[in-house]
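Peer 1: quick one, what's the 3D model for this:
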Amino acid sequence: RLVVVGLVAGAALIGAPNASAAVTIGSDLSQAHNSGSGCNTQPCTFVSFTIPGRQTASPITGVVTRWRVRGPAGSGMLALRVIRPLGGNSFTGAGTSSTESVSGASELWTFSTRLRIQAGDFVGLNIPFGVGNPSGMLRTTTGATQSFFEPTLPEGGSATPLGPFDNNELLLNADVEPDC
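Peer 2: From the prediction side, this is the model:
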């Protein structure tokens, strides 16, 4: 009888998700961009709220440790932005990484960071306007929705995004780890 109880308990532990495991949210970045992106008249923040088969909101509270972007078609500066829902269609900026330089079409760029994130938060990209505004970080993906904030989503303020723009996926993802 003790052997059966021990086997059942062991099987439960094997099948249990690891609460301390890192998760990746956002695009799988497996395909290159096929659509442009850029800010219309001023700096902006891009975000994908849904991507079929992918988690776009963080399922855990923790720390973003790494982020990746595919593209852009050109050179420019980007920063990762943590986007926190406030309810309804309002959001606030909840942290920004250091600004990073990118250049080259369809390149996969990886950057390290350490940004706090809460369960339910999203990640997006702060993109400058004009010179240094990279484009080409979107992919046509059936069922995906992408939006943007113009001007850039303020830290601690409240804003409503433009969109959603159906069938657009922002080619961005981030690794989130529990903060021990």
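
Peer 1: can you find the helix or strand in the protein with the smallest mean pLDDT?
Peer 2: One helix or strand of the chain scores below all others by mean pLDDT, DSSP states H and E: helix 2-15, with a mean of 38.

Peer 1: following it in sequence, what is the next regular element?
Peer 2: Later in the chain than helix 2-15, the nearest helix or strand by DSSP states H and E is strand 23-26.

Peer 1: surely Gly36 is in contact with Gly136?
Peer 2: Yes: at 5.5 Å, Gly36 counts as touching Gly136 under the criterion of C-beta atoms under 8 Å. In this view, the C-beta of every residue, glycine as well, is placed from N, C-alpha and C.

Peer 1: higher neighbour count, the two?
Peer 2: Gly136 (20 against 14; other C-beta atoms under 10 Å).

Peer 1: are we agreed that the more buried one is in a helix?
Peer 2: No: counting by DSSP: H, G, I helix; E, B strand; the rest coil, Gly136 is not found in a helix; it is coil.

Peer 1: quick one: it from Val23, how far?
Peer 2: The gap separating Gly136 from Val23 is 27 Å, by C-beta to C-beta, to the nearest Å.

Peer 1: how about the spatially most central residue of the chain, secondary structure?
Peer 2: The residue lying closest to the centre of the chain (C-alpha atoms, centre = their mean) is Val123, at 3.3 Å. Val123 carries the three-state label strand when classified by three-state DSSP.

Peer 1: go on, Ser30?
Peer 2: Per three-state DSSP, the secondary structure class of Ser30 is coil.

Peer 1: what is the burial count for the residue nearest to Leu108 when sequence neighbours are not counted?
Peer 2: Computed as C-beta to C-beta, 6 or more residues apart in numbering, the closest residue to Leu108 that is not its neighbour in sequence is Arg70, at 5.3 Å. A total of 22 residues lie near Arg70 under the criterion other C-beta under 10 Å.

Peer 1: swap in Pro52?
Peer 2: 9.

Peer 1: kindly state the pLDDT recorded for it?
Peer 2: Pro52 is assigned 97 on the pLDDT scale.

Peer 1: how about the contacts made by it?
Peer 2: Thr141, Thr142, Gly143, Ala144 (C-beta atoms under 8 Å, 6 or more residues apart in numbering).

Peer 1: fine, thanks again, bye for now.
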